[in-house]
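Engineer: Sequence first, predicted coordinates after that:
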Amino acid sequence: MRKETIETLIDAQKTAYIGSVDGNGVPNIKAMLAPRKRDGLREFWFTTNTSSMRVMQYHVNSKACIYFCDNRFFRGIMLLGVMDVLEDSVSKEMIWREGDEMYYPKGVTDLDYCVLKFTAQKGRFYSNFNSKDFEV
C-alpha cells in the first residue's frame, strides 16, 4: 500500500461518504461532494449547510469517518478521526468557489454556509481482497 495510490484514489472520486454519530450513539452516513481541499491523508475540507443535521451532530460529538470508493476496481479507503465545524471567514473563503451561490445564495458570508474540517488519525485501505490498517 502506497500513500500515492491512496491519494490518487481519493482525488479521482466525485463523491465522499462522511460518517457522524447521532444522539443515540448510532452511526450516520451521508454522501457529499468530494472535499474542496486536502492536506495529504491528514486533513480534508468540505462545504455544507450550517443548518444541516450533520453539523448539529458534529457539534455534540466530533468523532467522524470519511470513505472513498473506487467502484471500478472495488477499492476503498476509510479514514477515522474528528470533524470540526468552522464558521470563520478565513476557512469559508479558503474553499469558496464560483458557483457556490447556487447552494449559499448570500455568498461566502451566508450564515448557512460553513466548512467541515476532517482530521484523520488512522485509516484502513481495501484492495485486491485485502485490508490494511495504518496510522496517519
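Structural biologist: Looks like it arrived, so ask away. A quick note: this is a predicted structure, and the numbers were derived from the prediction, not measured.

Engineer: hey, let's count contacts and neighbours off CA atoms from now on
Structural biologist: Will do.

Engineer: now residue 125, nearest residue through space, not along the chain?
Structural biologist: residue 77 (4.5 Å; CA to CA, 6 or more residues apart in numbering).

Engineer: contacts for the helix or strand harbouring that neighbour?
Structural biologist: Per DSSP states H and E: residue 77 is located in strand 75-86. With CA atoms under 8 Å, 6 or more residues apart in numbering as the contact definition, strand 75-86 has outside contacts at 6, 10, 55, 58-59, 62-70, 92, 114-128.

Engineer: can we see that at 6 Å?
Structural biologist: Strand 75-86 is contacted by residues 62-69, 114-127 when judged by CA atoms under 6 Å, 6 or more residues apart in numbering.

Engineer: Please, a ChimeraX command that selects the buried ones among these?
Structural biologist: With 16 or more other CA atoms under 10 Å as the criterion, this ChimeraX line picks the buried residues out of these:
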select :62,63,64,65,66,67,68,69,114,115,116,117,118,119,120,121,122,123,125,126
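
Engineer: Next step: the contacts of strand 75-86 restricted to helices.
Structural biologist: Residues from the contacts of strand 75-86 lying in helices, with DSSP state H as the criterion: none.

Engineer: Tell me which of the contacts of strand 75-86 fall in strands.
Structural biologist: The members of those that map onto strands under DSSP state E are 63-69, 114-127.

Engineer: Kindly state the pLDDT recorded for residue 1?
Structural biologist: Looking at residue 1, its pLDDT stands at 71.

Engineer: Compute the number of surrounding residues for it.
Structural biologist: When neighbours are counted by other CA atoms under 10 Å, residue 1 registers 11.

Engineer: Quick check: it vs residue 75, distance?
Structural biologist: 12 Å (CA to CA, to the nearest Å).

Engineer: got it, and residue 65?
Structural biologist: In terms of CA to CA, residue 65 sits 17 Å off from residue 75.
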